[in-house]
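A.B. asks: just coords:
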DNA sequence: TTATTATCGATTATCGATAATACAAAATAA
DNA sequence: TTATTTTGTATTATCGATAATCGATAATAA
């Protein structure tokens, strides 16, 4: 209950609206009227409300009481704020995960990057962004700290949004190579070096793309 | 819309259920049936679902798809995980806020601690916990990083829960004094010292009370 | 004019009922 | 017996309609 199931109606609405926000089809400031969306999907208001609630909690939309919701605005300040938080968390996650990495893990990560390369090849922006999130999410999932994983899950939608915006302005060519290089650092066994490498990677992803 | 308004029905249900969870009236594992709660408050299911959704997102309850929700369990591991995360965030928040503190801010914080003392006097556990959250929330609100404030808001309900549990086992006598001492550190102007003091305070609040 | 109050339209918040789902237990077949 | 299918029950997920709320605008009074 109240879990947004993969196949539930609210989940479909959530996914669709999220994609449209990330792709810019629903630009910042665009109003999201429950009844309109319900009509568009030919469903009742309840699942729409649930989907909007989740988007709001992830910061993709802003809702005012008894008024409607609008697509949030992405500011440089906000990207910077998230970068600071993500930097702290991800450095921690990499530090904790790295000593536990198996060869199987590294092969998995390389496979993820391969799939990312394929998504980039066919210009599939959404898939590219999703796979990037899968790559970084690996460390949050394996760092052994559930609270930090939750914090990542709370902000990952915004990170995806930032990435989608920046990748429309800049080339994604070097994205897969950059991740392969991260794996190289992980293989090196030098934790301090890997932490710095991830931080630099994040910095580039957030600040460099403004 | 979909903001839980202070006076909306869903907000009342949320507050009541949260209080009952924190006070232990609803113990871990207790099932929360939408229809039952709706009947108890003499309302329909919609606001109940909204309240449960929020409790779930805060980690106070766990919901399985198409099954009901149950009150979550508090484990030592979980308290430790939240402590690690909170330590990182709050040290950052204090570091950023401290140089900006005015005398008015310090007087406000002292007033907060006074009110905390009063709540402790009259054995008002919930109020004590709320005021503690207000005290620490001050730094998240003023650190200038909205993402970190959001992260705090996501975990503060759990922090309140941990505190409520621990304060039922241990005395709250020294709680106000402890916070006054924190303000002393803030007045000292020594940022490094204050950071360490806050970290020690958090450590005590989380780990020491298990 | 200016301030205050009343009305209106748009949109959410809430309602009560129905449909869909998952789990457990009972029935059936091998 | 053991595995599979069916049925039943508890509970959520969804529905369509009504009530409550907000902001803006119009009407009124000073």
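C.D. replies: Arrived safely, thanks for sending. Keep in mind that what you see is a predicted model, and the values were worked out from it rather than measured.
A.B. asks: what's the helix or strand where residue A:202 lies in contact with?
C.D. replies: Using DSSP states H and E, residue A:202 sits in helix A:191-206. In this structure, residues lying in contact with helix A:191-206 by CB atoms under 8 Å, 6 or more residues apart in numbering or on different chains are A:79-80, A:82-83, A:86-87, A:90-91, A:94-95, A:98-99, A:162-163, A:166, A:178-179, A:181-182, A:185-186, A:188. In this view, the C-beta of every residue, glycine as well, is placed from N, C-alpha and C.
A.B. asks: again, but for stretch A:86-97
C.D. replies: Stretch A:86-97 is contacted by residues A:136, A:138-140, A:142-145, A:148, A:151-152, A:155, A:159, A:186, A:191, A:194-195, A:198-199, A:202-203, A:206, B:84-85, B:88-89, B:92 when judged by CB under 8 Å, 6+ apart.
A.B. asks: Same check on stretch A:36-48?
C.D. replies: Residues lying outside stretch A:36-48 but in contact with it, judged by CB under 8 Å, 6+ apart, are A:8-10, A:12-13, A:16-17, A:34-35, A:52, B:46.
A.B. asks: Compute the distance between residue A:17 and chain B, please.
C.D. replies: When distances are taken as CB to the nearest CB, to the nearest Å, residue A:17 and chain B turn out to be 13 Å apart.
A.B. asks: Just the buried residues of the contacts of stretch A:86-97.
C.D. replies: Among these, those classed as buried by neighbour count (16 or more other CB atoms under 10 Å in any protein chain shown) are A:136, A:138-140, A:142-143, A:145, A:148, A:151-152, A:155, A:159, A:186, A:194-195, A:198-199, A:202, A:206, B:84-85, B:88-89, B:92.
A.B. asks: Which of these fall within helices?
C.D. replies: Here DSSP state H is the test, and the buried ones among the contacts of stretch A:86-97 give A:136, A:138-140, A:142, A:148, A:151-152, A:155, A:159, A:186, A:194-195, A:198-199, A:202, A:206, B:84-85, B:88-89, B:92 as lying in helices.
A.B. asks: Kindly give a single ChimeraX line that selects the buried subset of the contacts of helix A:191-206.
C.D. replies: The ChimeraX selection below is limited to those of the contacts of helix A:191-206 classed as buried (16+ other CB under 10 Å):
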select /A:79,82,83,86,87,90,91,94,95,98,162,163,166,178,179,182,185,186
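A.B. asks: Wait, residue A:18 touches residue A:52, no?
C.D. replies: No. Counting by CB atoms under 8 Å, residue A:52 is not a contact partner of residue A:18; they are 10.8 Å apart.
A.B. asks: more neighbours, these two?
C.D. replies: More neighbours surround residue A:52 than the other of residue A:18 and residue A:52, with 26 against 21 (other CB atoms under 10 Å in any protein chain shown).
A.B. asks: Mind pulling the model confidence for the residue in chain A sticking out farthest from the centre?
C.D. replies: Among residues of chain A, the one most distant from the C-alpha centroid is residue A:66; the distance is 29.2 Å, by CA atoms, centre = their mean. Residue-level confidence at residue A:66 comes out at 74, pLDDT.
A.B. asks: Relative to residue B:146, how far out is it?
C.D. replies: Between residue A:66 and residue B:146 the distance is 24 Å, computed by CB to CB, to the nearest Å.
A.B. asks: dump the residue contacts of the closest residue to residue A:135 other than its chain neighbours.
C.D. replies: Counting by CB to CB, 6 or more residues apart in numbering or on different chains, residue A:135 lies nearest to residue A:112, which is 5.0 Å off, once chain neighbours are set aside. With contact taken as CB under 8 Å, 6+ apart, residue A:112 is in contact with A:131, A:134-135, A:138, A:179.
A.B. asks: Let me know the pLDDT of residue A:112.
C.D. replies: Per-residue confidence (pLDDT) for residue A:112: 97.
A.B. asks: The one 4 residues further on too?
C.D. replies: Taken from the predicted model, the pLDDT recorded for residue A:116 is 96.
A.B. asks: Please report how far the closest residue to it other than its chain neighbours lies from DNA strand D.
C.D. replies: Counting by CB to CB, 6+ apart, the nearest residue to residue A:116 once its immediate chain neighbours are dropped is residue A:131, at 4.3 Å. Separation of residue A:131 from DNA strand D (CB to the nearest atom of the strand, to the nearest Å): 27 Å.
A.B. asks: So residue A:131 sits against residue A:119, correct?
C.D. replies: Yes. The pair residue A:131 / residue A:119 is scored as a contact, 5.8 Å apart, by CB under 8 Å.
A.B. asks: any idea which of the contacts of residue A:112 is closest to residue B:172?
C.D. replies: Proximity of the contacts of residue A:112 to residue B:172, judged by CB to CB, is greatest for residue A:138, which lies at 41.6 Å.
A.B. asks: OK, contacts around that closest one?
C.D. replies: Taking CB under 8 Å, 6+ apart as the definition of contact, the neighbours of residue A:138 are A:97, A:105, A:108-109, A:112.
A.B. asks: Select only the buried ones of those residues in PyMOL?
C.D. replies: The following PyMOL command selects only the buried members of the contacts of residue A:138, with burial defined by 16+ other CB under 10 Å:
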select buried, chain A and resi 97+105+109+112
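A.B. asks: As CSV, the contacts of residue A:138 with secondary structure would be great.
C.D. replies: As requested, the contacts of residue A:138 are arranged in CSV below (DSSP: H, G, I helix; E, B strand; the rest coil):
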residue, secondary structure
A:97, helix
A:105, helix
A:108, helix
A:109, helix
A:112, helix
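A.B. asks: ok, of the contacts of residue A:138, which one's closest to residue B:62?
C.D. replies: Compare each of those with residue B:62 using CB to CB and the shortest gap goes to residue A:97, at 25.0 Å.
A.B. asks: For the closest one, give its distance to residue A:65.
C.D. replies: Spatial separation of residue A:97 from residue A:65 under the definition CB to CB is 41 Å.
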